[in-house]
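Engineer: missing the sequence, but the structure's below:
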Ligand SMILES: Cc1cc2nc3c(=O)[nH]c(=O)nc-3n(C[C@H](O)[C@H](O)[C@H](O)COP(=O)(O)O)c2cc1C
């Protein structure tokens, strides 16, 4: 099939775009309002955009509470949601009023951050403390609220010690969740993750070879 996004003539039950950008990491964004109310919500238009300095971003469909709080305070955190926390993560997406604390609503514990006021999810295997770098308004479609991308510089990183093994973060054992299309999710597990060695170019840079088998521990 082919469809034009200008006409949206896909003929399917729902727009399939997000079902094709998969799996998307979920940024579980926590912020605090000017008056001190904690806020928590999942965002799957989320990713890292650089590692030096580390920068993450998420996109909000219009002015939601997270965006408003971050605009007002310049700070947020981003926790990893995993298999054990799937129902809590889902509940924290409820479109409740700004004065509702979604940590309480979802039965989660706010953990104090070290460098920002926003808490992180104490039950999460890992979290980032972030300072707002900039916000960018995305292109808009007539009659629809544009998305706004929030970029944050990561100023602190929490990783629970139990997930550090042999000097590496054992990401798969955290069982992180990922978002697919519709109401579909995926979970990363040790059984579904694998390693590859990076290819090395020949001296003349006209060909390349790969050490076969699993990662040999050399960062190429
Ligand atoms: C897994 C998941 C991913 C989501 N991703 C986004 C997203 O990328 N952008 C967005 O605007 N809303 C997204 N939502 C919806 C928001 O979480 C929801 O609108 C929430 O109420 C926003 O909360 P806030 O107003 O406290 O920021 C997502 C919901 C779920 C369950």
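Structural biologist: Structure's in. What do you need? Just so it is clear, the model here is predicted, and its values are computed rather than measured.

Engineer: residues of this protein that sit close to the ligand?
Structural biologist: Contact residues, the chain versus the ligand (Cβ under 6 Å from any ligand atom): 26, 39, 41-45, 59-61, 64-66, 90, 93, 95, 179. C-beta: built from backbone N, CA, C; applies to glycine.

Engineer: 8 Å - rerun?
Structural biologist: Taking Cβ under 8 Å from any ligand atom, the part of the chain that reaches the ligand is made up of 26-27, 29, 31, 39-46, 58-62, 64-69, 81, 89-90, 92-96, 98, 102, 147, 177, 179, 185.

Engineer: could you check how far residue 67 is from residue 47?
Structural biologist: Separation of residue 67 from residue 47 (Cβ to Cβ, to the nearest Å): 17 Å.

Engineer: with residue 201 instead?
Structural biologist: To residue 47, residue 201 is 27 Å away according to Cβ to Cβ.

Engineer: which one's more surrounded, those two?
Structural biologist: Higher neighbour count among residue 201 and residue 47: residue 47, with 13 against 10, using other Cβ atoms under 10 Å.

Engineer: so who does that one touch?
Structural biologist: When contacts are counted by Cβ atoms under 8 Å, 6 or more residues apart in numbering, residue 47 is found next to 24, 25, 27, 56, 57.

Engineer: out of those residues, which one sits closest to residue 220?
Structural biologist: The shortest approach to residue 220 among the contacts of residue 47 belongs to residue 25, at 24.0 Å (Cβ to Cβ).
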